[in-house]
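>>> Pasting the sequence and the predicted coordinates here, then a few questions.
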Amino acid sequence: MTKLVPVLSAHWDEKDSFTLEGYKRHGGYKAAEKALAMDPDAVIQLVKDSGLRGRGGAGFPTGMKWGFIPQGDNKDHYLVVNADESEPGTCKDMPLLMANPHVLVEGCIIACHAIRAKHAFIYIRGEVTHVARRLNQAIADAYAAGILGNGIDVVLHVGAGAYICGEETALLDSLEGFRGQPRLRPPFPAIAGLYARPTVVNNVESIASVPAIVMNGAEWYQSMGTEKSKGTTLYSLSGHVVNPGQFEAPLGITLREILDLAGGVRPGHKLKFWTPGGSSTPLFTDAHLDVPLDYEGVAAAGSMLGTKALQIFDETTCVVRAVLRWTEFYKHESCGKCTPCREGTWWLVQILRDLEDGKGTEADLAKLLDLCDNIMGRSFCALGDGATSPITSSIKYFRDEYIAHLTNGACPFDPVASTLFVGAGA
Amino acid sequence: MAFSSEDLSTMDSIIKRYPRSRSAIMPLLHFVQSKAGYVTNEGIEVIAKLLQLEAAEVTAVSTFYTQYKPTPVGEYHVGVCTNTLCAIMGGDAIFASLKDHLGIGNDEVTPDGKVSLEHIECNAACDYAPVVMANWEFYDNQTVESAKELVDSMRAGNPKPPTRGPNRLVTYKEASAVLAGLNDGLAHEGVQAGEPTLLGLKLSKEGK
């Protein structure tokens, strides 16, 4: 049985965990002090040695990303923190920032020092007033205490409701004051990022993980997790479970273990399908309960660890309805730059709507898969790729359920049965 | 409405946050909404002038992002999450009942100007599903009944406070000022975390 290991979440249960005083009570900003006394290259090496990998979904080694920044180039360098958390099911960075914004500020200081940047920008999604408020206050308090402003500046930049801005190059365009549309790579942001200057773009959880690594050392971090997926991470459990919530555990814990901790699927029901890392990661079923939730384990089972957003759906849920809704989301959020994604997601929605209404034909399933083939890998960014994941995986595991809609002439499920307030008189 | 000299100096301070002025478009648009309640033509013109851009360039940015509203929203802008997980767990039922209860559709405002309604995408609070947002503050674990009570309290001029947010619900304009990066002094209010956020930590302390 894997034990929970709260590191990021260790002090979230203290009422003032979000204040400078609350943060300092547990050694806050000691790691920045320590890192600033180190050679920047030594900090990069430390993060490389820790094995920390990007927590925003792709799992790229954080230290290696920092190492890509050219040194001695006499150019401004930038750190950009991706706090645009919008992948459906993903809900780790917002509670982290609400409970402890200072850990991100401290991580920014360390990362800026390592990559020789004077400026960090935190790009937070716009639909979270209180989180923006807390983060802004934390930055202001850090300035007032002289922690920021001595060669390193942190600026909070609030988005305005565009999922695509979670994609790093669209985020950079948005931060430069343009419509948030992805850029062609190469050049990668490490060479030409914000204002065409060398830029590191990291997820909130990645940067927030750095202070503890600096304090406790690479070996400590290496001692947790699996062979290639080191450390602890936040798993976010939601949906048809008794107790949803955040579980910080070493990488490699299984859904079976997390479900046990959460009291299981809601009483009288059983697991039908789930996402390991948000809606852009192919669906899993009850056959995948023992897949180790690390980067390699989930990939070997045909999906992606993504953001570790474990969305649980029980047998009352119509998988066609679920997939249609996600597809409507991708269609709405496609930025329109690349034709396969813009047009493809539109057609996916048309076909799925017919299927959900029982009006399609079996040939539509082949057409859906063909469309997915023509969207996958054909755009500047991965939004279109993500849109195909729920479709191809649901047809793989639940083809019969699609067919049942056709033979039934309508959706065979009662939507009320899947709500939380079924039987509550609502 | 005209922008006062104080407004213009605030806008100037927003521009100064960035190495390049154009980066200030987004916070400036939030600021315009904090004054006018939506993105007015006048606001677009002022931003364009301050940043030495064409108004069309500012409009092109404004229309890309769903949070910038081309027409006035209510004093309390209510978003019901109808992305898959929330929808299935009750978001669809909540959205349908609020439309019926308020007599308005998606992206519409009640005649008294108090409440506007929008179905929104995933708002990063899935462990609190079904989620309703008001002026982008969290209202967790909603039901059809609790959501109706919430909008009733708004129309009565005494909105219920957010679940995880300040002690009172700020107005849409006030919230927009926060999103423009201005400090309203309310950061210390409200819980540091809700129960689901703390679940893993609690279990760990029990030896799990």
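Yes, it's here. Keep in mind that what you see is a predicted model, and the values were worked out from it rather than measured.

>>> For the stretch 101-250 of chain A, which segments count as strands?
A:119-124, A:153-158, A:199-203, A:232-239, A:245-250 (DSSP state E, counting those that start in this stretch).

>>> packing partners for the fourth one?
Right, the one you point to is strand A:232-239. Using 3 or more Cβ pairs under 8 Å, 6 or more residues apart in numbering or on different chains; DSSP states H and E as the contact test, the elements touching strand A:232-239 are strand A:245-250, helix A:255-261, strand A:309-314. All C-beta atoms are positioned from the backbone trio N, CA, C, and that covers glycine.

>>> got the domain boundaries for chain B?
Under automatic domain parsing, the residue ranges defining each domain of chain B are B:5-62, B:76-171.

>>> so which of these is the most packed in?
domain B:76-171 (a mean of 21; mean count of other Cβ atoms under 10 Å in any protein chain shown).

>>> Span of that domain from start to end?
One end of domain B:76-171 sits 6 Å from the other (Cα to Cα, to the nearest Å).

>>> now swap in stretch B:60-71 and tell me
End residues of stretch B:60-71 are separated by 16 Å (Cα to Cα).

>>> For it, report the contacting residues that lie outside it.
A:126-127, A:159-162, A:177-180, A:335, B:25-26, B:29-30, B:33, B:37-39, B:44, B:179 (Cβ atoms under 8 Å, 6 or more residues apart in numbering or on different chains).

>>> Neighbours of whatever residue of the stretch 1-150 of chain A ends up closest to chain B, how many?
Minimum separation of the stretch 1-150 of chain A from chain B (Cβ to the nearest Cβ) falls at A:Q137, amounting to 3.5 Å. The local packing of A:Q137 (other Cβ atoms under 10 Å in any protein chain shown) involves 22 other residues.

>>> these two touch, right, it and B:H188?
Yes - counting by Cβ atoms under 8 Å, B:H188 is a contact partner of A:Q137 at 7.5 Å.

>>> What distance do you get for the residue of chain A positioned farthest from its centre to chain B?
Distance from the C-alpha centroid of chain A, by Cα atoms, centre = their mean, peaks at A:T407 (38.0 Å). Per Cβ to the nearest Cβ, to the nearest Å, A:T407 is found 23 Å from chain B.

>>> How far off centre is the helix or strand encompassing that residue?
Element membership for A:T407, per DSSP states H and E: helix A:383-408. Between the centre of helix A:383-408 and the centre of its chain there are 23 Å (Cα atoms, centre = their mean, to the nearest Å).

>>> Counting by contacts, list what it packs against.
Going by 3+ Cβ pairs under 8 Å, 6+ apart, helix A:383-408 lies up against strand A:271-275, helix A:319-333, helix A:339-356, helix A:362-375.

>>> Quick check: buried residues in that helix?
Within helix A:383-408, the residues that count as buried by 16 or more other Cβ atoms under 10 Å in any protein chain shown are A:383-395, A:397-398, A:401-402, A:404-406.

>>> picking up where we left off before, now distance to A:K34, mean pLDDT and mean neighbour count too, for the strands of the stretch 101-250 of chain A, in JSON lines please.
Shown next, in JSON lines, are these (distance: least, Cβ to Cβ, whole Å; pLDDT from 0 to 100; neighbours: other Cβ atoms under 10 Å in any protein chain shown):
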{"stretch": "strand A:119-124", "distance to A:K34": "18", "mean pLDDT": "98", "mean neighbour count": "26"}
{"stretch": "strand A:153-158", "distance to A:K34": "19", "mean pLDDT": "98", "mean neighbour count": "22"}
{"stretch": "strand A:199-203", "distance to A:K34": "20", "mean pLDDT": "98", "mean neighbour count": "26"}
{"stretch": "strand A:232-239", "distance to A:K34": "20", "mean pLDDT": "98", "mean neighbour count": "27"}
{"stretch": "strand A:245-250", "distance to A:K34": "23", "mean pLDDT": "98", "mean neighbour count": "25"}
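
>>> could you redo those as TSV and give each row distance to A:I213?
Putting those into TSV (distance: least, Cβ to Cβ, whole Å) gives the following:
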stretch	distance to A:I213
strand A:119-124	18
strand A:153-158	19
strand A:199-203	13
strand A:232-239	11
strand A:245-250	14
